[in-house]
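1. Next one to model:
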Amino acid sequence: AEVAKSSYTVVIRATAAGDDNYNSGYKDITMTVTVGKATNPIAVTASQSWSTTYSTSLQDKAFTAATGAQGAVTYAIQSQKDKNNNTLTDYFTIPTNTTASLRMKASAEVAKSSYTVVIRATAAGNDNYNSGYKDITLTVTVGKAACTMTVSNASMKTQATLDVSTKASSNKGTVTCAIKTNGTTTASTISGCTLTAGAMSADNDTDQSVVVTLTDAGNGNYNGCSKDVTVTVQKNTRTLSWASSTPANNAVLTYGTSYTATATASGSGGTAGAITYTSGTTSAMTINSSTGVITVANGNSKSSVITATMARTTTVAAPASITRTFTTGKATNPISVTATQSWNPTFSTSAQSKTFTAATSGQGTVTYAINSQKQGSTNVTYFSIPTNTTNSISMAASTPAGTYTVVIRATAAGNDNYNSGYKDITMTVTVSDTT
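-> Predicted structure coming up:
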């Protein structure tokens, strides 16, 4: 019966049937009926919970809505407190009062969890039901968020230092470091987070790996975690090049001349190995393995590749070897003569001969020949070399008295190391009269 039609008026007739002595009769009763609004039957799940983790963003939680309500239902926060029963004002809100959803502010501290939020669900009522409400107690537990630390791998040179903690980012707490696996031949060490890479093998230049575990301690709102950083340890490097004093590539190296090949190394770090030199064809030239001094062994157009090599060490890798190709050349023949000589024979009707001072130091067979013979400016034919390999000049019989200039050419044939060459001897022949 609608409350809206209240109050009702009901007339009730009470009739007596009568009997032998009384007639029937009646009387009316007028009853006024007033119908009031009923209590609103709104119902809620009175205790609810929400477990979440720390976030720097807003978080929303749909809670269990009220049921059975008469009239529109709205929600409002009645109270909000932290675990120490301290009243809060801005941690929680109801974004839309007609929706069963609770919003928690960004960065609500884990340390204050758990939170107690009392939400009042109010039913507005209607023509037949009064408004009414029920309270929901929502316990909000905020746990620590997952560790946010990320790491990146690194590389470094042997015996150098590296602050490995710089390879961590987004950590929320203090970062500590510890060596997990040590890949270097001489163990790497760590002090705090400063890694000192150990020395490496002298047998090869292979990179080594050291694994360092980085641990983020976390903080009140974030869990900590550990992650591994792989540090690639490399030897220091050098680059070989020829010094400007080294003969140019494909240069001709003359027999008997001193040459030096010098390789220089650029680069830094570690202790570099010794530079050594080798000759590919020792029959052409040899080289001092440590000084680089080249000795031409055969000047007859022989070639050799000179190689400079640096030895690897535990801290410096062996660089690529460098080469230069040289060709040998013959030297100038060192033949020497007494350039001015004289002969003073007396006129004779017989041929005469004279042993002159021979050439010295000639390389190869030395031969002699008359290059010119003159009396003044007049050519003559009185003189000859009987045997071209013998340092003896012959004068014809009855050569007239007078002064003659004879040029004798001494020629050295040369050999594998020396070119042919010659020197001239100018002999002044003064023939005197027998009287």
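2. give the contact list for Phe370.
-> Actually, residue 370 is Ile rather than Phe. Phe383, Ser384, Ile385, Ile393, Val406, Val407, Ile408, Arg409 (C-beta atoms under 8 Å, 6 or more residues apart in numbering). Backbone N, C-alpha and C define where each C-beta goes, glycine included.
3. which one among the residues you listed gets closest to Ala154?
-> Proximity of the contacts of Ile370 to Ala154 (C-beta to C-beta) peaks at Arg409, which lies at 78.8 Å.
4. Just give me the neighbour total for that closest one.
-> 17 (other C-beta atoms under 10 Å).
5. how close does it get to Thr141?
-> 118 Å (C-beta to C-beta, to the nearest Å).
6. do the same with Ala124
-> 32 Å.
7. Ser258 now?
-> In this view, Ser258 and Thr141 are 90 Å apart by C-beta to C-beta.
8. mind listing the helices for this protein?
-> Listed in chain order, the chain contains no helices at all (DSSP state H).
9. Test my guess that Thr260 contacts Val293.
-> Yes - taking contacts as C-beta atoms under 8 Å, Thr260 lies within contact range of Val293: 5.3 Å.
10. Neighbours of the closest residue to Thr239 other than its chain neighbours, how many?
-> The spatial neighbour of Thr239 that comes closest, neighbours along the chain excluded (C-beta to C-beta, 6 or more residues apart in numbering), is Ser266 at 5.0 Å. By other C-beta under 10 Å, 10 other residues sit near Ser266.
11. The nearest residue to Thr278 once chain neighbours are set aside and Ala202, how far apart?
-> Closest residue in space to Thr278, ignoring its immediate chain neighbours: Thr307 at 5.0 Å, by C-beta to C-beta, 6+ apart. Remark: distance between Thr307 and Ala202 (C-beta to C-beta) = 21 Å.
12. So between these two, which is more surrounded?
-> Between Thr307 and Ala202, counted using other C-beta under 10 Å, the more crowded position is Thr307 (17 against 13).
13. residues near Gly349, how many?
-> Check again: residue 349 is Thr, not Gly. 8.
14. for it, what are its contacts?
-> Thr349 is in contact with Ala397, Ser398, counting by C-beta under 8 Å, 6+ apart.
15. roughly how far apart are it and Ser432?
-> With the distance defined as C-beta to C-beta, Thr349 ends up 15 Å from Ser432.
16. Extract the CA atoms of stretch 46-62 and return them as CSV.
-> C-alpha atoms of stretch 46-62 as CSV (Å, rounded to 0.1, in the frame of the first residue of the first chain):
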residue,chain,number,x,y,z
ALA,A,46,31.3,-4.3,5.7
SER,A,47,34.9,-5.4,5.8
GLN,A,48,36.9,-5.3,2.6
SER,A,49,40.6,-5.2,1.7
TRP,A,50,43.0,-4.0,-1.0
SER,A,51,46.6,-5.1,-1.4
THR,A,52,48.8,-3.3,-3.8
THR,A,53,52.4,-2.1,-4.1
TYR,A,54,54.0,1.3,-4.0
SER,A,55,53.6,3.4,-7.1
THR,A,56,54.4,6.9,-8.2
SER,A,57,51.1,7.0,-10.1
LEU,A,58,47.5,7.2,-8.9
GLN,A,59,45.9,3.8,-8.2
ASP,A,60,42.2,2.9,-8.3
LYS,A,61,40.4,0.0,-6.6
ALA,A,62,36.9,-1.1,-7.3
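17. Now Asn249. Nearest residue, chain neighbours left out?
-> Arg324 (5.0 Å).
18. Ignore what I typed, I meant Thr139.
-> Spatially, and ignoring its direct neighbours in sequence, Thr139 is nearest to Ser49 (4.7 Å; C-beta to C-beta, 6+ apart).
19. wait, that neighbour sits on Ile136?
-> No - Ser49 is beyond contact range of Ile136, at 10.9 Å (criterion: C-beta under 8 Å).
20. between those two, who's got more neighbours?
-> Neighbours were counted for Ser49 and for Ile136 using other C-beta under 10 Å; Ile136 has more, 22 against 12.
21. residues in contact with the residue nearest to Thr139?
-> Counted by C-beta under 8 Å, 6+ apart, Ser49 has contacts Leu138, Thr139, Val140, Thr141.
22. again, only this time at 7 Å
-> Leu138, Thr139, Thr141 (C-beta atoms under 7 Å, 6 or more residues apart in numbering).
23. Tyr133 now?
-> Ile42, Arg120, Ala121, Thr122, Ala123.
24. Identify those among those that sit within strands.
-> The members of the contacts of Tyr133 that map onto strands under DSSP state E are Arg120, Ala121, Thr122, Ala123.
25. With pLDDT added, can I get these in CSV?
-> What follows is those, written out as CSV (pLDDT from 0 to 100):
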residue, pLDDT
Arg120, 98
Ala121, 98
Thr122, 98
Ala123, 98
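26. Going by distance to Ala111, which of the residues you listed wins?
-> Comparing the ones in strands among the contacts of Tyr133 against Ala111 with C-beta to C-beta places Arg120 closest, at 27.7 Å.
27. Could you find the closest non-adjacent residue to Ala178?
-> Thr213 (5.1 Å).
28. Tell me where the stretch 251-400 of the chain has strands.
-> 252-254, 259-260, 263-266, 275-279, 285-287, 293-296, 303-310, 322-329, 340-343, 352-355, 366-375, 378-379, 383-384, 392-395 (DSSP state E, counting those that start in this stretch).
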